[in-house]
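Student: task: produce atomic coordinates for the following.
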Amino acid sequence: QVQIVESGGGSVQAGGSLRLSCAASGLNNCPRRDMSWFRQAPGKEREFVSVIKNDETITYADSVKGRFTISRDNAKNTVSLQMNSLNTEDTAMYYCKILCSSLGRKREYWGKGMQVTVSS
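Tutor: Model (predicted):
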């Protein structure tokens, strides 16, 4: 059974930093893993933040480019998101998503989410 545990959320003042982490277990049948972060602000739809694909290709949403850095540790099955220069628009629930690809089949696994609050 796949389990995803997120950590690192919290409250910070504008201009500050936070580091989010996501640890996954039970991925033995998941040879290819794209690991992503999404976020959802109150009253808004969930939006893409960043992805680091199985081949280490990285993509960021325009809104976080230059401020956020995604990384992964394959040995530990973790993905992290270093968030710098935070502003109030970064306030949201942040979710970790792992996309498993195996023999043409794709499965998504989501964390429960954690709150990030940036105050002015």
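Student: mind listing the strands for this protein?
Tutor: Residue ranges of the strands in the chain, as given by DSSP state E, are 3-7, 10-13, 18-25, 32-40, 47-52, 58-60, 68-73, 78-83, 92-102, 105-110, 114-119.
Student: gap between the shortest one and the chain center?
Tutor: Once both centres are worked out by C-alpha atoms, centre = their mean, to the nearest Å, strand 58-60 turns out to sit 11 Å from its chain's centre.
Student: ok, and what's touching that strand?
Tutor: Outside strand 58-60, the residues that touch it by C-beta atoms under 8 Å, 6 or more residues apart in numbering are 49-52, 68, 70. Every C-beta, even on glycine, is put in place using the N, C-alpha and C of the backbone.
Student: for those residues, which single residue is the most surrounded?
Tutor: Val49 (24 neighbours; other C-beta atoms under 10 Å).
Student: ok, the closest residue to it other than its chain neighbours - contacts?
Tutor: Counting by C-beta to C-beta, 6 or more residues apart in numbering, Val49 lies nearest to Trp37, which is 4.2 Å off, once chain neighbours are set aside. By C-beta under 8 Å, 6+ apart, Trp37 lies in contact with 20, 22, 49-51, 70, 79, 81, 94-97.
Student: go again using 6 Å as the cut-off
Tutor: Shown in contact with Trp37 (C-beta atoms under 6 Å, 6 or more residues apart in numbering): 49-50, 81.
Student: partners of it in the sheet?
Tutor: With DSSP bridges applied, Trp37 shows beta-bridge pairing to Ser50, Cys96.
Student: look up how far Asp90 lies from it.
Tutor: Distance, Trp37 to Asp90, by C-beta to C-beta, to the nearest Å: 12 Å.
Student: how much space between Asn74 and Lys53?
Tutor: Applying C-beta to C-beta, the value for Asn74 to Lys53 is 12 Å.
Student: between the two, which has more neighbouring residues?
Tutor: For Asn74 and Lys53, the more surrounded residue by other C-beta under 10 Å is Lys53, and the numbers stand at 16 against 11.
Student: show me the contacts for the more buried one.
Tutor: So Lys53 contacts Asp34 (C-beta under 6 Å, 6+ apart).
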